[in-house]
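S.K.: Predicted coordinates and the sequence they were generated for:
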Amino acid sequence: FFCARHRSVASHFVISEITSNMKSVAALVALAGSAAAFSPAPISRVESSLSYAAELDSMTGVSAESGNQVFDPLNLSDYVPTDWARRAELSNGRSAMLATVGWVWPKVFGTFDSQDVTTTDPIDAILQADPQWWVQWIVICGVFETWKYKQELNGKSFLGGAEPAVDYLKLWPEDPAKQEELKLKELKNARLAMIGIAGFAANHFLPGACPVPDFA
């Protein structure tokens, strides 16, 4: 009897140990599942390139200066919409053409009758100008940009792809081939002006840095 009771107690003890261990394993599995639920999900790699490069093939701007190939050494066309880039290029180029004329004009033709700006140095002139002139200039630019936006809503264009919003001299031709030629000419002049004004500015702060004429 004693031996049978001893075996029964021993069996009960073993079964209790097994049950306890199974409960522990189950608890660990549950905790692991809970931890996994709050762990960050694996993030798949997202390709940031938008691949606008293919659109460049149909855009005006490729010519002999770049070997009749698209010049994009930094592959910016993979990330920047081509239409936006062309707008920025033309806007900066047109501003650079005006800036180039404004840089040279005072030294060649003199200054206007003014009490505040008396120098022909472009950088000094910026500092001498009364702040009210800069406020007026900013307001004028804002009005002009608003007008441009409204003209584009009416179907006109500042990029040469449709009827031009500004053409006082009636230079926009009817022939599509002539239109492409005129667009390319403007782009070339705009790019040259951007290089030119950058050279003028560099030579101003670092005399002799660029081969510019004496009047610049």
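M.R.: Okay, I see it. Residues are numbered from 1 along each chain as shown.

S.K.: Run through the protein and note the low-pLDDT ranges.
M.R.: The chain contains residues with pLDDT under 70 at 1-54, 57, 160-161, 215-216.

S.K.: Centre-most residue in it?
M.R.: Centroid check for the chain by Cα atoms, centre = their mean gives residue 80 as the closest residue, at 6.2 Å.

S.K.: got the CA positions of stretch 82-101 in CSV?
M.R.: Taking Å, rounded to 0.1, in the frame of the first residue of the first chain, the C-alpha atoms of stretch 82-101 are listed here in CSV:
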residue,chain,number,x,y,z
THR,A,82,10.2,68.8,-66.0
ASP,A,83,7.5,71.4,-66.4
TRP,A,84,8.3,72.9,-63.0
ALA,A,85,12.1,72.8,-63.9
ARG,A,86,11.5,74.6,-67.2
ARG,A,87,9.4,77.3,-65.5
ALA,A,88,12.2,77.8,-63.0
GLU,A,89,14.8,77.9,-65.7
LEU,A,90,13.0,80.5,-67.8
SER,A,91,12.1,82.6,-64.7
ASN,A,92,15.7,82.6,-63.5
GLY,A,93,17.0,83.2,-67.0
ARG,A,94,14.7,86.1,-67.7
SER,A,95,15.7,87.6,-64.4
ALA,A,96,19.3,87.1,-65.2
MET,A,97,19.0,88.9,-68.5
LEU,A,98,17.5,91.9,-66.8
ALA,A,99,20.1,91.7,-64.1
THR,A,100,22.9,91.6,-66.7
VAL,A,101,21.6,94.8,-68.3
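
S.K.: Show me which parts of it are buried, residue by residue.
M.R.: Neighbour counts over stretch 82-101 (16 or more other Cβ atoms under 10 Å) mark 82, 85, 86, 89, 90, 92, 93, 94, 96, 97, 99, 100 as buried. C-beta here means a position set from N, CA and C on the backbone, and glycine is covered the same way.
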